[in-house]
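Student: No sequence on hand, only this structure:
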């Protein structure tokens with residue numbers, strides 16, 4: 001069993017827990033809302049430890065290039081300031097939480113690193129490890145994990161707090177294999193430990 005410390009060097013990344021990605025939304029992940037209680041446990045644990053947390057969100061303009069109307073793959077979703085772009089009301093978001101919006105009109109930006117200086121900012125803050133979970137395993141979670149690895153971070157996928165959309169059957173399982181092959185470690189909540197710092 002892995003033992004992952006929760007400390008100032010360990011960042012929790014909660015990916016795109018937005019209404020449009022949950023049941024009833026524009027691009028629903030089946031069971032997407034079922035991971036929220038365990039994600040809340042991670043959030044609470046990190047908040048109590050004073051460890052950093054980032055919540056990511058799709059924050060698209062109405063004419064985003066990923067939309068079918070613009071020749072893209074997806075129906076319109078997570079349009080800036082729309083109800084569907086809001087975080088799911090059951091998600092625990094501590095006061096003053098750090099939010100990263102993925103809003104570039106011409107970029108799908110599945111990864112929250114894409115087109116930003118976030119990696120350098122995290123390094124300057126002394127962050128070495130990323131724990132990544134949320135929606136969806138086979139898109140934004142996977143790409144954030146892979147980018148984190150490429151950028152030199154130690155990255156952990158939250159197996160109990162991620163859910164895939166599975167546009168094609170088996171996409172999520174393929175994503176898990178790809179992340180592991182690139183060096184990501186797979187963990188669950190009971191593998192976290194309080195910092196000894």
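Tutor: Okay, I see it. These numbers come from a predicted model, not from an experiment.
Student: just checking, what packs against the longest helix along the chain?
Tutor: Using DSSP state H, we find that the single longest helix of the chain is helix 36-49. Helix 36-49 sits against strand 4-6, strand 10-15, strand 53-58, strand 129-135, strand 154-163, strand 192-194, with contacts defined as 3 or more Cβ pairs under 8 Å, 6 or more residues apart in numbering; DSSP states H and E. Heads up, the C-betas are built off the backbone N, CA and C, glycines and all.
Student: quick one: which of those strands has the weakest pLDDT on average?
Tutor: Of all these, mean pLDDT reaches its minimum on strand 192-194 (a mean of 77).
Student: residue ranges with poor pLDDT in this structure?
Tutor: Scanning the chain for pLDDT under 70 picks out the ranges 1, 105-106, 194-197.
Student: The same query, at a cut-off of 50, please.
Tutor: 196 (pLDDT under 50).
Student: I'd guessed residue 71 sits against residue 65; true?
Tutor: Yes. Here residue 71 reaches residue 65: they are 7.2 Å apart, a contact under Cβ atoms under 8 Å.
Student: So the two - more neighbours on which side?
Tutor: Shown here are residue 71 and residue 65; by other Cβ atoms under 10 Å, residue 65 has more neighbours (16 against 8).
Student: And that one, which helix or strand is it part of?
Tutor: Using DSSP states H and E, residue 65 maps to neither a helix nor a strand.
Student: Now do it against residue 142, distance only.
Tutor: Counting by Cβ to Cβ, to the nearest Å, the gap from residue 65 to residue 142 is 20 Å.
Student: And residue 107, by the same measure?
Tutor: Distance, residue 107 to residue 142, by Cβ to Cβ: 17 Å.
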